[in-house]
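Chemist: Sequence first, predicted model second:
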Amino acid sequence: MIEAREDTPRYPVRILDGGVFPQIDPWHPDIDPHGLHHDAGSGAILHAPGREGEHRIEDFHVLSLEAGADDITTASWNLSVHIQHLIGKGHLAAELAGLSVRLAGRAIDRVYGPGVSHDVRTYMSLRSLGDTNTCQGLPPDTAEGNKLIRNIQAANIAALVAGRGDRNGEFILLFETAIDDREITIVQEEAEKADIPIAISARPSDNGETLRNGVSWERFIEVTQYAAAIGLNCHDVKVISKAHRAIKAIRLARKAGNPSLRQPGLMLYGNGHNLPSPYDPGGHVSEGDPEQTHAEYLIEVVEWLKEDPTVESVGGCCGVKAYHISDIRTAVRGWESAQAMRAA
């Protein structure tokens with residue numbers, strides 16, 4: 001179980017792997033003819049000949065671990081029951097979500113050996129229903145609308161947990177691109193029923209001042225105070241930094257008013273759009289700054305650690321590849337070494 005870091009830094013900071021989402025769809029441009037992006041990532045499994053898609057995802061995890069990632073985020077971001085129904089694949093959603101967890105496990109076995117003890121955390125990715133391109137937001141805030149959210153996300157969680165099987169290692173549900181306090185509350189309740197720890201990562205608005213749908217950071221912190229960890233993702237690192245500064249100020253004020261207050265550790269992992277890769281030489285420009293460079297990305301990551309001792313995980317979201325992870329690890333470990341020398 002993740003332990004919340006408080007005011008004293010606890011090293012080493014963990015390195016998350018990159019985002020599978022845009023790494024998959026360039027291999028199969030016919031996957032998403034309508035530009036919905038509902039099938040990116042999952043599309044490699046659904047449409048690739050034979051088991052090519054499975055191998056691609058498993059290989060991506062292996063490359064990330066070998067590059068220095070401590071933890072894996074499963075390729076289940078777009079595999080929710082709801083999203084798959086939108087593209088006529090709803091009957092496969094649970095099977096694919098479970099498969100994504102098994103693929104992460106197979107990658108760990110390839111790197112560490114089957115059955116060998118390891119400390120890799122597997123974050124089982126679950127996407128917000130309100131953060132999809134054609135959903136027109138979440139269902140209405142009614143008893144019926146909330147029941148629909150609960151039923152869909154409970155089914156998604158059950159599929160991910162089933163994919164874990166009896167594997168060893170630490171498994172955490174990662175509710176990503178959260179934009180709504182109502183859905184956050186429901187998903188936390190369903191995770192508790194499933195007896196799985198949950199980390200909750202929010203998608204900031206373009207100016208970083210609120211969640212994407214306008215929910216305040218104060219409210220986000222309030223409803224996530226008992227999560228295993230909270231995070232920020234799905235935007236470029238400069239926006240993540242703006243949101244982080246807002247969250248840090250609120251958390252410091254809360255801690256000053258109640259020194260014994262438990263606060264979850266932070267996970268910060270921005271998009272790497274426009275960072276070139278062998279698969280997508282021009283970069284995959286979507287949400288975020290199209291002028292962002294790799295050097296700027298690394299500078300922002302180190303600044304997060306300098307500014308806030310409660311940051312416990314950093315790494316990549318969409319567009320961050322294995323060799324970017326290697327550079328992130330080098331930058332983070334270098335900073336940690338410098339800090340240790342100053343403290344000696």
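Modeler: Good, I have the coordinates.
Chemist: For residue 12, which non-adjacent residue is closest in space?
Modeler: Spatial nearest neighbour of residue 12, excluding adjacent residues (CB to CB, 6 or more residues apart in numbering): residue 336 at 6.0 Å. Just so you know, the C-beta spots here come from the backbone N, C-alpha and C atoms, and that holds for glycine as well.
Chemist: For the helix or strand hosting the one you found, list every residue counted as buried.
Modeler: Secondary structure from DSSP states H and E places residue 336 in helix 322-343. Neighbour counts over helix 322-343 (16 or more other CB atoms under 10 Å) mark 322-329, 331-332, 335 as buried.
Chemist: helices or strands next to that helix in the packing?
Modeler: strand 14-15, helix 52-67, helix 294-307, strand 311-316 (3 or more CB pairs under 8 Å, 6 or more residues apart in numbering; DSSP states H and E).
Chemist: Export that helix to CSV, keeping only CA atoms.
Modeler: Output of helix 322-343 as CSV, limited to C-alpha atoms (Å, rounded to 0.1, in the frame of the first residue of the first chain):
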residue,chain,number,x,y,z
ALA,A,322,11.0,4.5,-23.2
TYR,A,323,14.1,6.6,-24.0
HIS,A,324,12.3,9.6,-22.4
ILE,A,325,11.8,7.5,-19.3
SER,A,326,15.5,6.8,-19.2
ASP,A,327,16.3,10.5,-19.3
ILE,A,328,13.6,11.2,-16.6
ARG,A,329,15.2,8.6,-14.4
THR,A,330,18.7,10.0,-14.9
ALA,A,331,17.5,13.5,-14.1
VAL,A,332,15.6,12.4,-11.0
ARG,A,333,18.3,10.2,-9.6
GLY,A,334,20.9,12.9,-10.2
TRP,A,335,18.8,15.4,-8.3
GLU,A,336,18.3,12.9,-5.4
SER,A,337,22.1,12.2,-5.3
ALA,A,338,22.8,15.9,-5.1
GLN,A,339,20.3,16.3,-2.3
ALA,A,340,21.9,13.4,-0.4
MET,A,341,25.3,14.9,-0.7
ARG,A,342,24.1,18.3,0.6
ALA,A,343,22.5,16.5,3.6
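Chemist: Report the angle between that helix and strand 311-316.
Modeler: Orientation check (axes from the mean of the first three to the mean of the last three CA atoms, to 10 degrees): helix 322-343 against strand 311-316 gives 150 degrees.
Chemist: Which one, of the helices and strands packed on helix 322-343, ends up nearest to residue 260?
Modeler: Nearest to residue 260, of all those, is strand 311-316, at 19.6 Å by CB to CB.
Chemist: ok and that closest one relative to helix 52-67, angle-wise?
Modeler: Angle between the axes of strand 311-316 and helix 52-67 is 130 degrees (criterion: the same axes, to 10 degrees).
Chemist: Parallel or antiparallel, which strands does strand 311-316 pair with?
Modeler: Sheet pairing here is set by DSSP bridges, and for strand 311-316 it gives strand 14-15 (parallel), strand 265-271 (parallel).
Chemist: so which of these is the most packed in?
Modeler: For those, the largest average neighbour count (mean count of other CB atoms under 10 Å) is found in strand 265-271, namely a mean of 27.
Chemist: what's the model's confidence in it, averaged?
Modeler: For strand 265-271, mean pLDDT is 93.
Chemist: now it: how far from the chain's centre is it?
Modeler: With CA atoms, centre = their mean, to the nearest Å as the basis, strand 265-271 stands 8 Å off its chain's centre.
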